[in-house]
Structure formats: structure tokens, C-alpha cells
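S.K.: sequence and computational prediction follow.
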Amino acid sequence: MSKRYSEEFRVEAIKQVTERGYTVKDVARRIGISADTLYKWVGGVRKHRVKPADDELRAENARLKAELKRAEEERDIPKKKPPRTLPRDPGEVRVHQGPPR
């Protein structure tokens, strides 16, 4: 005789695997069902899940790569240090020479 589980119980068990990243074996052991049963539930959900079109994935991938490249370039821009205006030694006197010609 097989046990019957409520729809809510199944949904929560599947979410533990698909959304929260736990392994099927860990979830099955914690909630007291066989791993085979949970594998079937998860497999059934994954079969019916609608996959985004390849074009959408490629477009998003290109957008994310461009965004990453821009962020890396911004990160790698050397930061300019402000000019040193204080004398290095107590007896040093600074004279402004103006821009080079």
C-alpha cells in the first residue's frame, strides 16, 4: 500500500530541492520519504517547466557580459591621488611653478 501525500507537502518538498538548493537525498531523509519518490516529483516538475527561448538566453547573456566588462573597466581605472600640498620637511618651502610650457 502506498502513502498519499498532500499537494502542499509535495510542493514544499520540491521547493527544498529546486529553489533552496538542498539535495534530494537530504530532503527525503529529513521529511521521511524515499529519495526515489522525491526524484519522481522533482522530475515531473522539471519536465513541465517552460524553458526560455535560446534567443532570450543569448540576449541576456550578452547584456550581462557587457555589464560585467563595463564594471571591470570602471574598477580598473587608476584612482588619481590628490597633489601633495604640504611640505615634506618642516623647513621646506613650496613655490608654484605654473604649468609646463
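M.R.: Okay, I see it.

S.K.: using the three-state scheme, assign K40.
M.R.: Put simply, K40 is helix when judged by DSSP: H, G, I helix; E, B strand; the rest coil.

S.K.: packing partners for the helix or strand bottoming out on mean pLDDT in the chain?
M.R.: Ranking every helix and strand in the chain by mean pLDDT, DSSP states H and E puts helix 35-48 at the bottom, with a mean of 83. In terms of contacts (3 or more Cβ pairs under 8 Å, 6 or more residues apart in numbering; DSSP states H and E), helix 35-48 is packed against helix 7-18, helix 24-31. To be clear about C-beta, it is placed using only N, CA and C from the backbone, and glycine gets the same treatment.

S.K.: what's the closest of those to P78?
M.R.: Ranking those by proximity to P78 (Cβ to Cβ) places helix 7-18 first, at 44.5 Å.

S.K.: out of the helices and strands packed on helix 35-48, which gets the lowest mean score?
M.R.: Looking at these, the lowest mean pLDDT belongs to helix 7-18 (a mean of 89).

S.K.: this completes my enquiry, with thanks.
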